[in-house]
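Engineer: give me a model of this one.
(one chain, ligands or ions: 1)
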Amino acid sequence: MRKENVIKRMKEVEETESVEITCNRCGKTKTADKLDFVRDGFHEFLATFGYGSSFDLEYWSFDLCENCLVDIVKTFKYVPKGFRIDQQYPLVKDESKEHQALFDDWKNGKEWDEFRYKSEEELNDLRCLFDDGYIDEVIAKRKEGEMLID
Ligand SMILES: [Zn+2]
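Structural biologist: Okay, here's the model as predicted:
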């Protein structure tokens, strides 16, 4: 968000007790507390257009609820940067082939499983982040799955 828009937004927020947020796509609304900058479940998008664009001198702003945002992201060919990646403990490298493969699986209805493309060695390396029992379970489930395929 541009600095002047942030300032404008902060003034709007200061002047009102609460802010009504409406999803531009589906119309779902939410009344957010004036200090709720997270906008719980809603996201604001901004687009500015420059010289050469047929929308030159226009400035668009809209809100989307998370359901609509997910529906739109499902139409993407390429995985958005940061999508389903825990910023504190990233198990998948952002925008890697693995990230894209997981995204494609998810678009095809599979559950998001960041362990899916990990080798047993890579899973063992994750023992520093996860409980041993949990990693053992993931490895055992994978072996069960392999036996079912054979
Ligand atoms: Zn919506």
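Engineer: and stretch 80-97, average pLDDT?
Structural biologist: Taken as a whole, stretch 80-97 has a mean pLDDT of 93.
Engineer: run through who's touching it.
Structural biologist: Contact partners of stretch 80-97, identified using CB atoms under 8 Å, 6 or more residues apart in numbering, comprise 73, 78-79, 98-99, 102-103, 106, 112, 114-115, 126, 129. C-betas here are computed from N, CA, C, even on glycine.
Engineer: tell me, how many residues neighbour the closest residue to Asp40 other than its chain neighbours?
Structural biologist: Distances taken as CB to CB, 6 or more residues apart in numbering put Ala32 closest to Asp40, at 6.6 Å, once the chain neighbours are dropped. Neighbours of Ala32 under the rule other CB atoms under 10 Å: 18.
Engineer: distance of Ala32 from the ion?
Structural biologist: Per CB to the ion, to the nearest Å, Ala32 is found 15 Å from the ion.
Engineer: now the residue nearest the centre of the chain: how far from Lys107?
Structural biologist: Central residue of the chain (CA atoms, centre = their mean): Phe83, 4.2 Å from the mean position. To Lys107, Phe83 is 11 Å away according to CB to CB, to the nearest Å.
Engineer: try Lys143
Structural biologist: Separation of Lys143 from Lys107 (CB to CB): 27 Å.
Engineer: more neighbours: which of those two?
Structural biologist: Between Lys143 and Lys107, counted using other CB under 10 Å, the more crowded position is Lys107 (14 against 11).
Engineer: name the nearest residue to Trp60, sequence neighbours excluded.
Structural biologist: In space, and not counting its chain neighbours, Trp60 is closest to Ala47: 4.4 Å by CB to CB, 6+ apart.
Engineer: got the contact list for the one you found?
Structural biologist: Contact analysis of Ala47 by CB under 8 Å, 6+ apart lists 59-61.
Engineer: so which of the residues you listed is the most crowded?
Structural biologist: Ser61 (13 neighbours).
Engineer: surely that one is in a strand?
Structural biologist: Yes: assessed with DSSP: H, G, I helix; E, B strand; the rest coil, Ser61 lies in a strand.
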